[in-house]
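# Coordinates for the following, if possible.
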Amino acid sequence: MKRVMIIGPCGAGKSTLAFELAERTGLPLFHMDKLAWNEGWVDTPNEELRELLRPIVAQERWLIEGNYGSTMPDRLPRADTIVYLDYPIRLCLTRIVRRWWKYRGRSRPDMPEGCPERFDSEFLWYVARWNSNARPRTEALLAHYEEKVIRLTLPQATDEWLAGL
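Down below sits the predicted model:
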């Protein structure tokens, strides 16, 4: 594993896994949220985001955590491993609420400063509808890269996979 992507629904634990995997492998870690957001929750435009990502993806070693479908065509061909946390959405929603409580009013370690954790019903609705909206788009993007995908469907499977590294 030299170029690793971690993807999956919001709240699945992508960032947590990324921190653990970066520590174990020594891969430089990049969080898509840190590239995609600016202070005050201001979006980075898609083309600018892709420009920020290009020199990272060109490197020989990286660990990139996050979805951002518009950037996947840039990352998927270069990745040698795609870890897909394909967890149940009810678990992800529960984790989002816990995460909000833990970090409320503060920026998480995987976010830029000036983007404090917030409770957002629109975001919760996006996650609740993952299986009918984002999932089909993600699956379509992964269709040509299945040989690289490690699909983990429960936290216990992720723990077992990590233990085997």
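
# And the pLDDT for the closest residue to K34 other than its chain neighbours?
Excluding the flanking residues, the one nearest K34 by Cβ to Cβ, 6 or more residues apart in numbering is P112, at 5.2 Å. From N, CA and C alone the C-beta is placed, and that goes for glycine too. Here the pLDDT value assigned to P112 is 92.

# Confirm P112 sits in a helix?
No. Counting by DSSP: H, G, I helix; E, B strand; the rest coil, P112 is not part of a helix but coil.

# Quick check: phi and psi at it.
Backbone geometry at P112, expressed as degrees, to the nearest 10, gives phi -70, psi 150.

# In contact with it, which residues?
33-34, 37-39 (Cβ atoms under 8 Å, 6 or more residues apart in numbering).

# Mind doing that once more with 7 Å?
34, 37-39 (Cβ atoms under 7 Å, 6 or more residues apart in numbering).

# from these, which is closest to G11?
W37 (16.7 Å; Cβ to Cβ).

# Count residues in the vicinity of the closest one, would you?
Using other Cβ atoms under 10 Å, W37 has 19 neighbouring residues.
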